[in-house]
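Student: dropping a prediction and its sequence here:
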Amino acid sequence: MIDHRIEIRITSLCLAITLCVLAGVLHFLVVQGTHTWAAHRGALFLEIIVFGAAILFLIYGNLLYQFCRLGYHRRRENHKPVPRETLEQLYEGKAPSLAVLIPSYKEEPSIIWQTMLSAALMEYPEKSVVLLIDDPYRPKSTEDALKLEQTRAMPTALQKLFDPPAERYRAELKSFRERVRADVIAETERLTQCYAEVSAWLETLAVKFLSGIDRTVLSHTDTFFVQEILQKPAKKHAAFAEELQEKLRRRDIPDIAFVERQYVRLASLFNVRFSGFERKKYRNLSHEANKAMNLNSYIGLMGKAWKEVESGNGWELRQAAPDSADFEIAGPAYLITLDADSVL
């Protein structure tokens, strides 16, 4: 655990030392420059100017880093995390919709899988994850074709992974709301079991992920993914289940509003819609080879219904009424753009 007060003192001391060094360097440069100028030694004077500029530039970089470091530790020291009760107000009523857009160009499928999974496991009640595939629509090599096929299958595979627990916990929420007289103690015990199950689901996923990798060549990114995206949330849900058990042991029975909020949160953990989109399939969308146009092409389609129309040897998209369209793209309240080699 970092002690930010100690880090602030160390950084302040280093800043003071650096400023003293700066004062000494400036004094040295001024004295030497004055003497050489008075002695009409132009070449040596120029050397002092160049040397001084290089040293001052290095000291500037050092000071910039230390001021940023000082600001960081001061912010961390004064930071007060938002209470869980405040964050969980998100589960009261309907939350604004959120879409995570993941632009991808010839990324390894295993990397895409980690990125999409990290986005899907964010705790947010109304979210979708969209993979924007920017590979050539008709790849020329067998290797590219196989990789593209795997990438195209990714949203469907993840949807199949998430659907069973999503349906399970939506059913738990529905059953809770259908019970006319809820027994708070019994409901708390049921929640304890459900959150323990969620923890076990994540731990099992981590074990399956690691079972397909040679542990001797496990990369630091794979280690980070397992620890931060799978195991850390698993431990958090297990700790929450234990917290609920402890409440029951102490006879600190939560109220029914708390219980309902936890059921809603539980139902939202796996409530995510996965999809993929390839702009290069359509002739009337931009094919500019950059990430911005990949994102903008999809964002421009949001909130409307579209029909695929054959055009020569390709396809075009035409806006259509929802009842006659091939697909409709929702217009979310919020967007997150996430590189295909990153995690949330």
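Tutor: In hand now; what should we look at? Quantities reported herein were computed from a predicted structural model and do not represent experimental measurements. Numbering: from 1, shown residues only.

Student: show me where the stretch 51-200 of the chain has strands.
Tutor: With DSSP state E, counting those that start in this stretch, the ranges of strands along the stretch 51-200 of the chain come out as 98-104, 127-133.

Student: just how off-centre is the last one within its chain?
Tutor: Taking the mean C-alpha point of strand 127-133 and that of its whole chain, the gap between them comes to 13 Å (Cα atoms, centre = their mean, to the nearest Å).

Student: quick check: mean pLDDT across it?
Tutor: For strand 127-133, mean pLDDT rounds to 96.

Student: then the first one?
Tutor: For strand 98-104, the per-residue pLDDT values average out at 96.

Student: helices or strands up against that strand?
Tutor: helix 109-120, strand 127-133, helix 291-299, strand 334-337 (3 or more Cβ pairs under 8 Å, 6 or more residues apart in numbering; DSSP states H and E). To be clear about C-beta, it is placed using only N, CA and C from the backbone, and glycine gets the same treatment.

Student: give me the contacts around that strand.
Tutor: 112, 115-116, 119, 122, 124, 126-135, 151, 291, 294-295, 298-299, 302, 330, 332-340, 344 (Cβ atoms under 8 Å, 6 or more residues apart in numbering).

Student: now the buried members of these.
Tutor: Among the contacts of strand 98-104, the ones that count as buried by 16 or more other Cβ atoms under 10 Å are 112, 115-116, 119, 122, 124, 126-135, 151, 291, 294-295, 298-299, 332, 335-338, 340.

Student: coming back round to it: export the helices and strands packed on strand 98-104 to CSV and tack on distance to Ala206?
Tutor: Below are the helices and strands packed on strand 98-104 laid out as CSV (distance: least, Cβ to Cβ, whole Å):
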stretch, distance to Ala206
helix 109-120, 11
strand 127-133, 20
helix 291-299, 30
strand 334-337, 24
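
Student: quick one: closest of those to Pro233.
Tutor: helix 109-120 (10.2 Å; Cβ to Cβ).

Student: so what does that closest one touch, helix or strand wise?
Tutor: Short answer (3+ Cβ pairs under 8 Å, 6+ apart): helix 109-120 packs on strand 98-104, strand 127-133, helix 142-178, strand 272-277.
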